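In: please work out how this folds:
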Amino acid sequence: MVELDAAIRSFYRDRYIEEDRLSRSGHGQLEFLRTQELLRRLLPVPPATILDVGGATGVHARWLAADGYSVTLVDPLVEHVEKAAAVGTFAAVVGDARQLDQEDDSVDVTLLLGPLYHLVEAADRARALSEAARVTRPGGVVVAAGISRYAGLLEYGNNGRLAEENLHLFTDALATGRNYDDPEGFTNAHFHHAEELRSEFENSGLTDIAVLGVEGPAAPTLDNATLAEVPRLLPSAILLARLLETDPLMMSASLHFLAFGRVP
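Out: Next up, the predicted model:
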């Protein structure tokens, strides 16, 4: 198996609680509900087979299995796989997006809802997409998440933490796409433009490509809301995200993108 970046491995082992990432904040709830909505809209109906690559502790595998899909989760961290396997409703194995153990044409859907933004080298992202296409049957679907180039600026600009002394970190990421490990923030990552993500899908040979904004412009509002305020804010935030998900002038206001492509 290809070795995972040491900083990323340390981030998830020592600094970050993955299990409740999509429930402990308003933004996390918005991201989860919109990801769920888009997947339910665009994936083939159950009982299709899904390979959830980089699926961590199974936040999406759980509900996909409950919906009737046959799910196998793959993650490079043994700790994540052990927690995922304990759920008991889907399979979970250790593996790497760049070198999957699954056979050719063996699943209907391959999800990459984390690997692409943790693979900072373009060649590694290309390998991951190539592997996803390899294991997915002709006519099947590959789905990948990307983080917007504007995500750091939007987050810090709306939570009061953007200042002259740290501005360069976010403008550098905006210019290059490279986010460096921050002991008080996120770890090594690549941040995408929407068209860049589309191009990576095209270069991998996928067809019928769609790139959609996930959270929409209200994500910072949800990020800074108290949990008591979230139920009131979520419905309008979801509606706004839905209305603007393909708007080329507004998509980058989402903190995440989802790209869908079909294997020819």
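In: those helices in the stretch 101-250 of the chain, which residues are they?
Out: 115-118, 122-135, 151-159, 167-176, 194-203, 219-224, 230-244 (DSSP state H, counting those that start in this stretch).
In: out of these, flag the one nearest F260.
Out: Proximity to F260 (CB to CB) singles out helix 194-203 among the helices of the stretch 101-250 of the chain, at 8.4 Å. To be clear about C-beta, it is placed using only N, CA and C from the backbone, and glycine gets the same treatment.
In: which stretches of the stretch 1-150 of the chain have low pLDDT?
Out: 1-21 (pLDDT under 70).
In: F201 contacts I209, correct?
Out: Yes: contact criterion CB atoms under 8 Å: F201 and I209 qualify, at 4.8 Å.
In: of the two, which one has the most company?
Out: F201 (23 against 17; other CB atoms under 10 Å).
In: which pLDDT value belongs to Y180?
Out: At Y180, the predicted lDDT confidence score is 79.
In: no wait, L197
Out: In this model, L197 carries a pLDDT of 98.
In: residues contacting it?
Out: L116, A144, G146, V211, F257, A259 (CB atoms under 8 Å, 6 or more residues apart in numbering).
In: tell me, how many residues neighbour V142?
Out: Counted with other CB under 10 Å, V142 comes out at 27.
In: mind listing the residues bridging to it?
Out: Beta-bridge pairing of V142 under DSSP bridges involves T110, G261.
In: with just CA atoms, put stretch 143-157 into CSV.
Out: Included here for stretch 143-157 are C-alpha records, laid out as CSV according to Å, rounded to 0.1, in the frame of the first residue of the first chain:
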residue,chain,number,x,y,z
VAL,A,143,-18.0,10.6,-7.3
ALA,A,144,-15.3,12.8,-5.7
ALA,A,145,-15.3,15.7,-3.3
GLY,A,146,-13.1,18.7,-3.6
ILE,A,147,-12.5,21.7,-1.2
SER,A,148,-12.9,25.1,-2.8
ARG,A,149,-9.9,27.3,-3.3
TYR,A,150,-11.8,30.0,-1.4
ALA,A,151,-12.6,27.8,1.6
GLY,A,152,-9.9,29.1,4.0
LEU,A,153,-10.6,32.7,3.1
LEU,A,154,-14.3,32.3,3.6
GLU,A,155,-13.9,30.5,6.9
TYR,A,156,-11.4,32.9,8.5
GLY,A,157,-13.0,36.0,6.9
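In: quickly list what's touching both of F201 and I209.
Out: With CB under 8 Å, 6+ apart as the test, F201 and I209 both reach A259, G261.
In: most packed of the helices of the stretch 101-250 of the chain?
Out: Among those, ranked by average contacts under mean count of other CB atoms under 10 Å, first place goes to helix 115-118 (a mean of 25).
In: send the alpha carbons of it over as PDB?
Out: Below are the C-alpha coordinates for helix 115-118, written out as PDB (Å, rounded to 0.1, in the frame of the first residue of the first chain):
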ATOM      1  CA  PRO A 115      -8.900  11.400  -1.000                       C
ATOM      2  CA  LEU A 116      -8.600  14.000  -3.700                       C
ATOM      3  CA  TYR A 117      -8.100  16.900  -1.400                       C
ATOM      4  CA  HIS A 118      -5.600  15.000   0.700                       C
END
